[in-house]
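Asker: sequence and predicted model, in that order:
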Amino acid sequence: MPKSIAVAGKGGTGKTTIAALLITQLVLQNKGPVLAIDADPDSNLGDLLGVEPEQSIGDLREEVLDAMKKLPAGMTKASYVEAGLHQIIEEADGFDLITMGRGEGSGCYCALNNMIRKFSDDLTPSYKWVVMDNEAGLEHLSRRTTRNIDALLVVVSDNPLSLRSAQKIQAITEDLDARIRRKYIVTNMIPDAKMETFKRRLEPFRIPHLIDIPYDSGLEEVIFQGEPLKNLNGSPIMKTIQTIIETVGGEDANS
């Protein structure tokens, strides 16, 4: 089975950027194929990876509900969903991207979610790594529309609201421990002058602090210029990202 990382945190903490950097580093280190899952309703992961998804699983859910009474002759709902899910996968160099998209509407989604779950479970063994960008509420993990994960990275910044969001994530995940093997806090761009105070604020958490990702002007410039993240190969920030990969993957991280 592949190694899997889920990234979560309050919007604005840099979690999507961290998820994109993890995917990029795995590809640069020839650790693919990688499955990238954008499970945040904002759906910005593809933008950072240079991939524009044409359709999301949320779109497919609504499409299936609309088409249930007029499916082509001989086609079951399950086969229709599977065909649609294969079309949703965006293929790129070293990784594939699936975008979860908007949340569920007012229809009944239980059967559809079971089909999506089965598709996910059948699909993921084809990959060596899975990286998922989540919303703070971890909807797709709690609803089990995605697979279990090896490590959850909870990203916090120096915004006090990000700590409050991390506390909520901690509470949510305590009911999901069977699905999450390990949890870590990753601090992002904490100014040196605030680091000691910030570490004291992390002490009440029951999630260990893994690493701090420092500000990197090269990353800011690459994103501003719209350049591919692979241009950061060998940079200090990618070495920090590699530390996360090695912590999660252990010996398998280098295979």
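Answerer: Structure's in. What do you need?

Asker: so what does the host helix or strand of residue 161 touch, helix or strand wise?
Answerer: Using DSSP states H and E, residue 161 falls within helix 160-173. Judged by 3 or more CB pairs under 8 Å, 6 or more residues apart in numbering; DSSP states H and E, helix 160-173 is in contact with strand 3-9, strand 149-156, strand 180-188. The way it works is simple: take the backbone N, C-alpha and C, and place the C-beta from them, glycine included.

Asker: tell me what the second one is packed against?
Answerer: What it means is strand 149-156. Looks like strand 149-156 contacts strand 3-9, helix 15-28, helix 160-173, strand 180-188, helix 236-249 (3+ CB pairs under 8 Å, 6+ apart).

Asker: from residue 186, how far off is residue 152?
Answerer: Applying CB to CB, to the nearest Å, the value for residue 152 to residue 186 is 10 Å.

Asker: ok, the two, which is more surrounded?
Answerer: residue 152 (27 against 21; other CB atoms under 10 Å).

Asker: from what I can see that one touches residue 182, true?
Answerer: Yes - assessed by CB atoms under 8 Å, residue 152 is found in contact with residue 182 at 7.4 Å.

Asker: before we move on, the earlier item: of the helices and strands packed on strand 149-156, which is nearest residue 127?
Answerer: strand 3-9 (9.0 Å; CB to CB).

Asker: what sits up against that closest one?
Answerer: 15-16, 18-19, 22, 124, 128-136, 138, 141, 147-156, 162, 165-166, 169, 180, 244, 248-249, 252-253 (CB atoms under 8 Å, 6 or more residues apart in numbering).

Asker: for it, C-alpha coordinates in PDB please.
Answerer: Taking Å, rounded to 0.1, in the frame of the first residue of the first chain, the C-alpha atoms of strand 3-9 are listed here in PDB:
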ATOM      1  CA  LYS A   3       2.400   5.900   2.100                       C
ATOM      2  CA  SER A   4      -0.100   8.700   2.600                       C
ATOM      3  CA  ILE A   5       0.000  12.200   4.000                       C
ATOM      4  CA  ALA A   6      -3.000  14.500   4.700                       C
ATOM      5  CA  VAL A   7      -2.400  18.200   5.300                       C
ATOM      6  CA  ALA A   8      -5.000  20.300   7.200                       C
ATOM      7  CA  GLY A   9      -5.300  23.700   8.900                       C
END
